[in-house]
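S.K.: Following is a predicted model, sequence given first.
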Amino acid sequence: MKKGIHPEYHEINVTMTDGNTVKMYSSVKKDLVLSTDNLNHSAWTGQRSNVAEKGQRATKFKNKFAGFNF
């Protein structure tokens, strides 16, 4: 690897949504506060809030643009 072209890594604190703090290394020098993590994201929790309304959104779209004959 070439010298002088890679960013320096610093130890930062990452605050999770439940308030726990984790130490990580990053090229960003400031601490991070997460708004989404594995505690509240549907990919990890298995809860999908918008699945039921997908059909409703499609119906709403079709009703809104019914006169355009796509």
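M.R.: In hand now; what should we look at? Numbers count the residues shown, from 1 in each chain.

S.K.: who's in contact with the lengthiest helix in the chain?
M.R.: For the chain, the longest helix by residue count, based on DSSP state H, is helix 54-64. Helix 54-64 has contacts (Cβ atoms under 8 Å, 6 or more residues apart in numbering) with no other residue. No exception for glycine: its C-beta is placed from N, CA and C like everyone else's.

S.K.: how far does it sit from the chain's center?
M.R.: Chain-centre distance of helix 54-64: 26 Å, with Cα atoms, centre = their mean, to the nearest Å.

S.K.: Quick check: which element contains the closest residue to Met16 other than its chain neighbours?
M.R.: Counting by Cβ to Cβ, 6 or more residues apart in numbering, Asp37 is the residue found nearest to Met16 once chain neighbours are left out, at 5.2 Å. Taking DSSP states H and E as the definition, one finds Asp37 inside no helix or strand.

S.K.: roughly how far apart are Asp37 and Lys23?
M.R.: Distance of Asp37 to Lys23, computed by Cβ to Cβ, to the nearest Å: 15 Å.

S.K.: So, low pLDDT: which residues of this protein?
M.R.: 1, 42-44, 47-55, 70 (pLDDT under 70).

S.K.: ok, which stretches of it are helices?
M.R.: 42-45, 54-64.

S.K.: And the last one, what's buried?
M.R.: The reference is to helix 54-64. Residues of helix 54-64 classed as buried by neighbour count (16 or more other Cβ atoms under 10 Å): none.

S.K.: try stretch 17-37
M.R.: Quick answer for stretch 17-37: no buried residues (16+ other Cβ under 10 Å).

S.K.: give the contact list for the spatially most central residue of the chain.
M.R.: Geometric centre of the chain, nearest residue: Thr36, 5.6 Å, by Cα atoms, centre = their mean. Residues in contact with Thr36 (Cβ under 8 Å, 6+ apart) are Thr17.

S.K.: quick one: it and Ile12, what's the gap?
M.R.: For Thr36 relative to Ile12 (Cβ to Cβ), the value is 18 Å.
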